[in-house]
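*Asks:* here is my input; please provide its structure:
(2 chains)
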Amino acid sequence: MRAPFGQTSDERQALHDRVWALLAPLTDPEIPVITLGELGILREVRDGSEGLEVVITPTYNGCPAMGQIEDDVKAALNAHGIAAQVITQLSPVWTTDWMQPEAKEKLRAYGIAPPHACEAVPSNVVQFAARAPRAPSVACPQCASVNTTETSHFGSTACKAMYKCLDCLEPFDYFKPY
Amino acid sequence: MSASYLLHLADNALILGQRNAEWCGHGPVLEEDIAMANNSLDLIGQARLLYQRAAELVGHGATEDSLAYFRDVPDFLNYTLLELPHSNALLPTASSERDFATTIVRNFLYSAFMVLVWDKLQKSHDSQLAAIAAKSLKEVRYHLRHARDWLVRMGDGTPESHTRAQNALHHLFSYTQEFWTPSAHETAACQSGMGIDSVSLQADWNAIVDQALQDATLSRPAAGGFVSTGKQAVHSEHLGFVLADMQSLARAHPTATW
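*Replies:* This is a model prediction of the structure:
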């Protein structure tokens, strides 16, 4: 059976596998210990109407790393003579729940507290705890104490909040559930 | 008409994003400086996606850049609330002192509304808008949480912080009437299935606002009087100053892109 671009479907599949292998080592520009695949940004390698397409999905809408990620994907493929179009796709919506336990462990080892699972609340309800501590508590990536406090909802990048550990006194980033 | 609805949503995000970015380098504490910059990053990111979709519907070579940087005051469709300076009514010039309570109250009133709007827009018949809404909802929840926490802290804080928060509420509350006054482009978008009927969100918004004001020991001002008309492209005198600042770079370097 002939597949697009004058190649057999086996040949196309081999190319797709090669593209996945070439992109596998690419990491997030701002969190260089976790790969684009592990973050869930890299969605699909497919044949489009004009050739190879690599599908990525943005994290936060305004995340400035997305441009860099697109350039990194193109550069990694161009270095091996593969031309591909990078397609940005919004749906399904990226979520931190896609991160596997191994990826979360890499974040923790790097000093970033990994995200808790997103709350399964009805989507139009926003829950607050006005004077009570927020649950579940975030464990310090240095000493594993859960005696921590949020110092700011927003941190050095859109995806993180700032915390500090009240036991070892280290400040640290928390990757927010999204 | 459907392009106008998208431009209304995009202009809201862009203008508030630009306003909140004015705190960059001037925040009351470092953490809040960063929080405001993050808030703006989300809003400007939302605006960008909305302008990209609007550009497809506008046609005639429109781009996200031409829509954001080469339209003028009579073309912008944002709520008047979002273009006002960060100062109370007695200091109404673009250069007047920034008041953090005014910023927080505006972000609270608006994000409490947008949590409901984005939630409903997830079911928009325009699949691109529905996808943008699903992402924006996640972000605006953080904005609401941030603003609401500060609202309670200020209202239930010192006499000075309470007074400032209450004054900001008195100043801004009437502008929220614009949320509940449909424009022609909103009505058309609602009928086509792209948009939503924002009036139907009023009871839920009241519940969020009233609970927060109670926690913050603040009183709810009576909304009334003049209903602002920003979303119908009739603006306050402040928007021109915002655009002059925001668009100057693009107009000096018209071939630059995002």
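*Asks:* can you report how many residues neighbour the residue in the stretch 151-258 of chain B that chain A sits nearest to?
*Replies:* When scored by CB to the nearest CB, the stretch 151-258 of chain B has B:Asp215 as its residue closest to chain A, at 5.1 Å. Glycine gets a C-beta too; all of them are placed from N, C-alpha and C. Other residues within reach of B:Asp215, judged by other CB atoms under 10 Å in any protein chain shown, total 17.
*Asks:* next one: B:Ala21
*Replies:* 18.
*Asks:* name the nearest residue to it, sequence neighbours excluded.
*Replies:* B:Ser40 (4.1 Å; CB to CB, 6 or more residues apart in numbering or on different chains).
*Asks:* and B:Asn38, by the same measure?
*Replies:* A:Phe154 (3.9 Å).
*Asks:* could you do B:Phe76 as well?
*Replies:* Distances taken as CB to CB, 6+ apart put B:Asp11 closest to B:Phe76, at 5.0 Å, once the chain neighbours are dropped.
*Asks:* what about that neighbour, how many residues nearby?
*Replies:* B:Asp11: 28 surrounding residues under other CB under 10 Å.
*Asks:* quick check: the residue nearest to B:Asn38 touching B:Ser40?
*Replies:* No. A:Phe154 is beyond contact range of B:Ser40, at 10.6 Å (criterion: CB atoms under 8 Å).
*Asks:* looking at the two, which one has more neighbours?
*Replies:* A:Phe154 (25 against 22).
*Asks:* Three-state assignment for that one, please.
*Replies:* Here A:Phe154 is coil, with the state taken from DSSP: H, G, I helix; E, B strand; the rest coil.
*Asks:* can you read off the pLDDT for it?
*Replies:* As predicted, A:Phe154 sits at a pLDDT of 91.
*Asks:* contacting residues for it?
*Replies:* A:160-162, B:31, B:34-35, B:37-39, B:142, B:146 (CB atoms under 8 Å, 6 or more residues apart in numbering or on different chains).
*Asks:* what about the residue in the stretch 1-150 of chain B positioned nearest to chain A, how many neighbours?
*Replies:* Residue nearest to chain A within the stretch 1-150 of chain B (CB to the nearest CB): B:Gly45, separated by 2.4 Å. Neighbours of B:Gly45 under the rule other CB under 10 Å: 24.
*Asks:* quick one: it and A:Gly62 touch, right?
*Replies:* Yes. B:Gly45 is within contact range of A:Gly62, at 2.4 Å (criterion: CB under 8 Å).
*Asks:* what packs against the one helix or strand B:Asn20 maps to?
*Replies:* Assigned by DSSP states H and E, B:Asn20 falls within helix B:2-21. If you count contacts as 3 or more CB pairs under 8 Å, 6 or more residues apart in numbering or on different chains; DSSP states H and E, helix B:2-21 packs onto helix B:30-58, helix B:64-69, helix B:100-121, helix B:184-192, helix B:239-252.
*Asks:* please repeat the previous calculation with a cut-off of 7 Å.
*Replies:* Applying 3 or more CB pairs under 7 Å, 6 or more residues apart in numbering or on different chains; DSSP states H and E, one finds that helix B:2-21 contacts helix B:30-58, helix B:184-192, helix B:239-252.
*Asks:* where do the helices of chain A begin and end?
*Replies:* A:9-23, A:36-39, A:65-78, A:101-110 (DSSP state H).
*Asks:* gap between the two ends of stretch B:57-73?
*Replies:* Chord length of stretch B:57-73, first to last residue, is 21 Å (CA to CA, to the nearest Å).
*Asks:* residues contacting that stretch, please?
*Replies:* Residues outside stretch B:57-73 that contact it (CB atoms under 7 Å, 6 or more residues apart in numbering or on different chains) are B:2-3, B:6-7, B:14, B:47-48, B:51-52, B:54-55, B:235, B:239-240, B:243, B:247, B:250-251, B:257-258.
*Asks:* same question, stretch B:212-227
*Replies:* By CB under 7 Å, 6+ apart, the list of residues contacting stretch B:212-227 reads A:130, B:108, B:148, B:151-152, B:155-156, B:165-166, B:169-170, B:173-174, B:176-178, B:181, B:210.
*Asks:* and that stretch, what's its mean pLDDT?
*Replies:* Averaged across stretch B:212-227, pLDDT comes to 94.
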